[in-house]
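**Student:** Here is the input, now give the coordinates:
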Amino acid sequence: MTGSRARRSARAQALERYRRQRRLNALARPGMLELVVVLDHLKPNFNVAKILRSAQAFGVREVHLIGIGPFDPAPAKGAFKAVPVRFLEDFADSHARLAADGYRISLLTPVGAEALPDCPLPSRTALVVGHEEFGFSFDANAYPGLARVRIPQYGPIDSLNVSVAASIAMYEYSRRHSGNV
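**Tutor:** Alright, predicted model coming up:
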């Protein structure tokens, strides 16, 4: 099998895994905590599955995937089948659902925000993470009341990989609300 043919075969297998696990996702049960994680237009094959894996580990209620197409679920190690996922086209849909359910919606951003250890994380918290290169797909100023949260860092780099940052924020929420970590 040639290199390009093998790559096509690997992509086809990943797509089939995605389709199969997406169907099984309809049976997923909400996590034990009320935290919702919103992934806004992330690159599908780089971080989505890893964030789902962390979401399962930290008891996240559900994950909203906004504008994210098929991805290889293999790095999620089964979490795509276990963590409820809502597939949404734009942030407005996610925001409307979360606001109606009384969630405090916080944007995870690298600068100009309240430090994660110092910010309020009520039980009904939604953490929104955006694309690593392009940020959020929406104008945050169009949604009054959004909080901005950052992870304090040292050194010249002002941001973390999005799956790492999301995992740190999920851990901090879980630490405060579950008593298990």
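
**Student:** roughly how far out does stretch 132-152 sit from the chain middle?
**Tutor:** 14 Å (C-alpha atoms, centre = their mean, to the nearest Å).

**Student:** contact partners of that stretch?
**Tutor:** 40-43, 47, 66-67, 90-92, 95, 104-117, 119-120, 127-128, 130-131, 159-162, 165, 168-169 (C-beta atoms under 8 Å, 6 or more residues apart in numbering). Where you see a C-beta, it was placed from the backbone N, CA and C, and this is true even at glycine.

**Student:** Spell out, range by range, the helices that occur in this structure.
**Tutor:** Using DSSP state H, the helices of the chain run over 3-25, 48-57, 79-82, 91-100, 162-178.

**Student:** Reformat those helices as CSV; add mean pLDDT.
**Tutor:** Listed next are the helices of the chain as CSV, based on pLDDT from 0 to 100:
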stretch, mean pLDDT
helix 3-25, 85
helix 48-57, 97
helix 79-82, 94
helix 91-100, 98
helix 162-178, 96
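
**Student:** before we move on, the earlier item: out of the contacts of stretch 132-152, which end up buried?
**Tutor:** Buried subset of the contacts of stretch 132-152 (neighbour count, 16 or more other C-beta atoms under 10 Å): 40-42, 47, 66-67, 91, 95, 104-109, 113, 116, 119, 127-128, 130-131, 160, 162, 165, 169.

**Student:** For stretch 33-40, C-alpha coordinates in CSV please.
**Tutor:** Coordinates of the C-alpha atoms in stretch 33-40 are reproduced here as CSV (Å, rounded to 0.1, in the frame of the first residue of the first chain):
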residue,chain,number,x,y,z
LEU,A,33,-20.7,17.6,38.3
GLU,A,34,-22.6,20.5,36.7
LEU,A,35,-19.7,21.8,34.7
VAL,A,36,-20.2,22.2,30.9
VAL,A,37,-17.2,22.6,28.6
VAL,A,38,-17.8,24.5,25.3
LEU,A,39,-15.3,23.9,22.5
ASP,A,40,-15.6,26.7,20.0
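
**Student:** Now find how far off-centre it is within its chain.
**Tutor:** For stretch 33-40, the distance from its own C-alpha centre to the chain's C-alpha centre is 6 Å (C-alpha atoms, centre = their mean).
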